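Student: structure here, sequence nowhere to be found:
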């Protein structure tokens, strides 16, 4: 069981937009502006794509965007491309120097 | 640019202690903007934060693993290490090291190392 809840899978066609949600609580997602998102391709290490709820590291496509409302953080990928097919994990500061991950969402590009 | 590399045995016997080291290059492990993290991923499953260490030796552990985990740091070697005691098959995972950049992101990650617990 993971503290942060993510939909197990989502799919979309090339060019479409999809949104992945990450549901926490008022003690973690809702209390700190410290949600980050990671993309993981098969047999590869995770890579940071969003940090501090909505900031994008240099080099990450502007097609990736993050937002948050209350205890729910969201990752939106617009203009889906085949290379976006991967697992996506959210992460949040949980207080008391703890860090929490979601269970991951598998994105399939149809 | 920071690079991290995990190293250690790929096979550990049940009840024994798993030991891994993360070597940091391209930057100093005494950087005050970084904590240094261990994260694991069982095969086919999600990510689990194990713990963080700061250059001064301050450590923070996942409560679920606290009784079995020790993270240490060697600033002279620009390395930090993980020890996980009394392992079982459930501890089989790919172990990653990564800096936890203040205020809070894990970036970049090491390539990961698979540790299998089996007799």
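Tutor: Perfect, I can see it now. Fair warning: this is a prediction, and the values are worked out from it, not measured in the lab. Numbers count the residues shown, from 1 in each chain, chains lettered A, B, ... in the order given.
Student: quick check, central residue of chain B?
Tutor: Closest residue to the average C-alpha location of chain B: residue B:38 at 2.7 Å, with Cα atoms, centre = their mean.
Student: please, which helix or strand holds that residue?
Tutor: Using DSSP states H and E, residue B:38 falls within strand B:34-41.
Student: what strands flank that strand, and is each parallel or antiparallel?
Tutor: strand B:48-53 (antiparallel), strand B:93-101 (antiparallel) (DSSP bridges).
Student: mean pLDDT added to those strands, as JSON lines?
Tutor: Output for the strands paired with strand B:34-41, formatted as JSON lines (pLDDT from 0 to 100):
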{"stretch": "strand B:48-53", "mean pLDDT": "98"}
{"stretch": "strand B:93-101", "mean pLDDT": "97"}
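Student: could I get the ones you listed in TSV, plus columns for mean neighbour count?
Tutor: All C-beta spots, glycine's among them, are computed from the backbone N, C-alpha and C. Below are the strands paired with strand B:34-41 laid out as TSV (neighbours: other Cβ atoms under 10 Å in any protein chain shown):
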stretch	mean neighbour count
strand B:48-53	22
strand B:93-101	24
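Student: contacting residues for residue A:57?
Tutor: Residues near residue A:57 by Cβ atoms under 8 Å, 6 or more residues apart in numbering or on different chains: A:48, A:49, A:51, B:107.
Student: residue B:80: how many residues sit nearby?
Tutor: By other Cβ atoms under 10 Å in any protein chain shown, 24 other residues sit near residue B:80.
Student: now it: closest residue in space that isn't a chain neighbour?
Tutor: In this structure, residue B:80 finds its nearest non-sequential neighbour in residue B:73, 4.3 Å apart by Cβ to Cβ, 6 or more residues apart in numbering or on different chains.
Student: please report the distance of that neighbour from residue B:36.
Tutor: 7 Å (Cβ to Cβ, to the nearest Å).
Student: mind listing the shared neighbours of the two?
Tutor: Common contacts of residue B:73 and residue B:36, defined by Cβ under 8 Å, 6+ apart, comprise B:29, B:53, B:54, B:55, B:80.
Student: beta partners of the last one?
Tutor: Residue B:80 forms beta bridges with residue B:22, residue B:73, as assigned by DSSP bridges.
Student: how near is it to residue B:97?
Tutor: Distance, residue B:80 to residue B:97, by Cβ to Cβ: 7 Å.
Student: who touches both of these two?
Tutor: Both residue B:80 and residue B:97 are contacted by B:22, B:36, under the criterion Cβ under 8 Å, 6+ apart.
Student: who touches residue B:11 in this structure?
Tutor: Contact partners of residue B:11, counting by Cβ under 8 Å, 6+ apart, are B:115, B:116, B:117, B:118.
Student: most neighbours among the residues you listed, which one?
Tutor: Highest neighbour count within the contacts of residue B:11: residue B:115, with 23 neighbours (other Cβ under 10 Å).
Student: roughly how far apart are that residue and residue B:47?
Tutor: Residue B:115 sits 15 Å away from residue B:47, going by Cβ to Cβ.
Student: do residue B:13 as well
Tutor: 25 Å.
Student: the top strand by length along chain A - contacts with which helices or strands?
Tutor: Longest strand in chain A, counting residues (DSSP state E): strand A:86-95. On a contact count with 3 or more Cβ pairs under 8 Å, 6 or more residues apart in numbering or on different chains; DSSP states H and E, strand A:86-95 meets strand A:5-6, strand A:18-23, strand A:35-40, strand A:72-77, strand A:98-101, strand A:105-109.
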